[in-house]
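S.K.: Sequence plus predicted model, see below.
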Amino acid sequence: MQQPSILHLRASNFIGGPERQILEHFRHASGNGFRLILGTFPGNGGPCPLASRAADSGYAMQTIHSKFAFDPSVLPRIRTIIRQENVKLLVTHGYKPNVLGRIAGWLTGTPTIAVSRGWTWESRRIRLYESVDKLFLRFADHVVAVSDGQRSKLLDLGVRKDKITTIRNGIALDTIPAPSTESLHTLLELPEEAVIIASAGRLSPEKNHIGLMEAARHVCSANPDAYFVVFGEGALRPALEKRIQDVGLQDRFLLPGFRPDLLAMLHHIDIFALPSHTEGLPNVVLEAFACRKPAVVTRVGGCPEVVCHKENGFVVEPNDMEGLAKHILELANDPELRERMGAHGYARVQRDFSFDGQTRQWMNLLHALFSSRTAEKARP
């Protein structure tokens, strides 16, 4: 009997947290009764790392070329893929696939599951796109939220409770690389005794790096060995660089840019900090725990669903940068506490955030949806 085909749609020009989640989902879910196909939207004819990585892994692939975010000319292409590949379900990831996939689903009678990871509102253009996404999420046949925090936001949007399932992001501990041979101390020319407090993500307003800088001023004035390192790139870089100079942290708050080997680098940090204004469920906290590092995070989105206060890190209220600084300093001054909390973080992701567990949840959802559709069609 032929396995039902499921087409996942994702528009992306790099490999970040969501892309790693999709690739790991394919690795773990393939061969579980469904044929998975990945549809990508290469940007401006350039290379598509997600498509390359999927092709290297031997996953079924389809490419969809578009000229702009909600380009309707791609709909015939998606319809052709659905027909030729006998696709029975669309799973869409992000505002562009959520909108175009939903329309393609209407045109072909194909049900859709939208995966909701949160919104960044990083620029006026992205805020517009995300507004359209929020509207279309109400029309998806089902929505997967990556955390209960994200689920609450979907309920606030008006998405029906019975149409939402929480399936949290996972972490594949077997893919965590060994520490890089060159330590961060060497790479960034930091003193051997430096205590490294790291963060990672887009340099954009919702990540609140300005707030982290405020906390850094308190921590660095109290602990001469504390150094802050933020990995990532984004439109906010010039403003952050100016701010670093203005507050006199040019030697203590560093922006080394995007690192494709971030996971290997995380082994060399001492504390992970995430001062965000909003999150879905941050992969990078799972990755820090996988490297046995404690985390200090704000109580937004799924952060408190991963970080247990005083067990594997600390959780502070959003914008409480004084509290953030207090707990970072507590960890910076206590190596044994860092080691103990890092070990608890590793145990947490090993127990509760495996892809085996996530795959079981996805399979239960898919079987329930297909059973429901079959029963619906059988009704007189």
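M.R.: Done, it's in. These numbers come from a predicted model, not from an experiment.

S.K.: Counting neighbours, what do you get for the residue lying closest to residue 93 once chain neighbours are set aside?
M.R.: Here the nearest residue to residue 93 in space, its sequence neighbours aside, is residue 10; by C-beta to C-beta, 6 or more residues apart in numbering that works out to 4.4 Å. Placement of C-beta: from N, CA and C, glycine included. Residues contacting residue 10 under the criterion other C-beta atoms under 10 Å number 24.

S.K.: Can you tell me the element residue 36 falls in?
M.R.: Per DSSP states H and E: residue 36 is located in strand 35-40.

S.K.: before we move on, the earlier item: show me the contacts for the residue nearest to residue 93.
M.R.: Listed by C-beta atoms under 8 Å, 6 or more residues apart in numbering, the contact set of residue 10 reads 18-19, 22, 38-41, 50, 93-94, 97.

S.K.: And it, how far from residue 247?
M.R.: Distance of residue 10 to residue 247, computed by C-beta to C-beta, to the nearest Å: 38 Å.

S.K.: Residue 14 in helix, strand or coil?
M.R.: Classification of residue 14 by DSSP: H, G, I helix; E, B strand; the rest coil places it in coil.

S.K.: Tell me how far it lies from residue 209.
M.R.: Plainly put, residue 14 is 19 Å away from residue 209 if you go by C-beta to C-beta.

S.K.: the more surrounded of those two?
M.R.: residue 209 (29 against 13).

S.K.: can you pull the contacts of that one?
M.R.: 199, 203, 230, 236, 240, 275.

S.K.: ok, the fifth one - how many residues close by?
M.R.: Residue 240: 18 surrounding residues under other C-beta under 10 Å.

S.K.: And the third one, by the same measure?
M.R.: The criterion is other C-beta under 10 Å. On that basis, residue 230 has 23 neighbouring residues.

S.K.: again with the one 4 residues further on
M.R.: By other C-beta under 10 Å, 17 other residues sit near residue 234.

S.K.: Would you list the phi and psi of the spatially closest residue to it that is not a sequence neighbour?
M.R.: Excluding the flanking residues, the one nearest residue 234 by C-beta to C-beta, 6+ apart is residue 203, at 3.2 Å. Dihedral pair for residue 203: phi -80, psi 80, per degrees, to the nearest 10.

S.K.: Could I get the contacting residues of residue 203?
M.R.: Residue 203 makes contact with 209, 230, 232-237, 240, 255, according to C-beta under 8 Å, 6+ apart.

S.K.: Compute the distance between it and residue 295, please.
M.R.: On the measure of C-beta to C-beta, residue 203 and residue 295 end up 20 Å apart.

S.K.: which SSE is residue 91 in?
M.R.: Assigned by DSSP H and E, residue 91 falls in strand 87-93.

S.K.: quick one, longest helix in the protein?
M.R.: The longest helix of the chain (DSSP state H) is helix 355-378.

S.K.: Give me the average confidence score over it.
M.R.: Averaged across helix 355-378, the pLDDT comes to 89.

S.K.: list the helices and strands it packs on?
M.R.: helix 17-29, strand 87-93, strand 142-145 (3 or more C-beta pairs under 8 Å, 6 or more residues apart in numbering; DSSP states H and E).

S.K.: Please compute how far it lies from its chain's middle.
M.R.: 24 Å (C-alpha atoms, centre = their mean, to the nearest Å).

S.K.: what does it contact?
M.R.: 4, 6, 24-25, 27-29, 32-34, 88-89, 111, 113, 141-142, 144, 165, 167-172.

S.K.: What of stretch 110-117?
M.R.: With C-beta under 8 Å, 6+ apart, stretch 110-117 has contacts from 18, 82, 87-94, 98, 101-102, 104-105, 136-137, 140-146, 150, 153-154, 280-281, 365, 369, 373.

S.K.: Report the backbone C-alpha coordinates of it in PDB.
M.R.: Extracted in PDB, the C-alpha atoms of stretch 110-117 (Å, rounded to 0.1, in the frame of the first residue of the first chain):
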ATOM      1  CA  THR A 110      -5.700  19.400   0.600                       C
ATOM      2  CA  PRO A 111      -5.700  19.900   4.400                       C
ATOM      3  CA  THR A 112      -3.000  22.000   6.000                       C
ATOM      4  CA  ILE A 113      -1.100  22.000   9.300                       C
ATOM      5  CA  ALA A 114       0.600  25.300  10.100                       C
ATOM      6  CA  VAL A 115       3.600  25.200  12.400                       C
ATOM      7  CA  SER A 116       3.700  28.300  14.600                       C
ATOM      8  CA  ARG A 117       7.100  29.200  16.100                       C
END
